[in-house]
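Participant: Give me a model of this one.
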Amino acid sequence: MSRVYLSGPDIFHPKALEIDANKKAICERYGLEGVSQLNFEGGRDYSGDAAKAGNIFNQTRDLIESCKLLVANISPFRGPSLEVSTALELGLMLGFGRPVVGYSLAGDSYTDRLMKLHHVFELPLSEDGDNLQAPDGLLVENFGLAEGALISGALQSANMPISEDFESAVRWGRRLLSD
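Facilitator: The predicted structure follows:
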């Protein structure tokens, strides 16, 4: 059974264990073994000193390396974009030369979410032709995708769309592994 790393901010949810178990059951239905940071021996720490943080990274890297596929929840987390550690996990898996697939529960694009955020803070983005610009003068990527160019491009590197839910992403991932 191929191991699949389950990436995303679900590990921070109050019902993380229940969500994790549900995702692992879905993986199992498709002949895959789902694993996540919640598989760490002794549990996953959420506070402590720098040594604990380094240990979390090392365990995560080792767990990702033991997998053939990564399925990432790239839904916005604490802002308009995906959770930053999820981005690192995607990079690690791609660095190992293995496929990644993703899903987002947000129906709107990264640009739309960013525009809404800027309007809330009364700092609207301005349009200059095809380009969007923040009040500080910096450009905003505007590709109409769930995330910015690098994250969306990484997920598209497997020639698969960003899915709208976890199970669809698992199905796509299974197809990748069977090729």
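
Participant: What residues of the longest helix along the chain count as buried?
Facilitator: Assignment by DSSP state H gives helix 50-65 as the longest helix of the chain. Under the neighbour-count criterion of 16 or more other C-beta atoms under 10 Å, helix 50-65 has Ile56, Gln59, Thr60, Leu63, Ile64 buried. All C-beta atoms are positioned from the backbone trio N, CA, C, and that covers glycine.

Participant: and those as CSV, adding distance to Ala72 and pLDDT?
Facilitator: Shown next, in CSV, are these (distance: C-beta to C-beta, whole Å; pLDDT from 0 to 100):
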residue, distance to Ala72, pLDDT
Ile56, 17, 95
Gln59, 18, 96
Thr60, 13, 97
Leu63, 14, 97
Ile64, 11, 98
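
Participant: As TSV, the residues you listed with distance to Pro80 would be great.
Facilitator: Converted to TSV, the buried residues of helix 50-65 look like this (distance: C-beta to C-beta, whole Å):
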residue	distance to Pro80
Ile56	25
Gln59	29
Thr60	24
Leu63	28
Ile64	25
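
Participant: Could you single out the nearest of those to Phe40?
Facilitator: Distance to Phe40 across the buried residues of helix 50-65 (C-beta to C-beta) is lowest for Gln59, with 5.3 Å.

Participant: That concludes my questions; thank you for your assistance.
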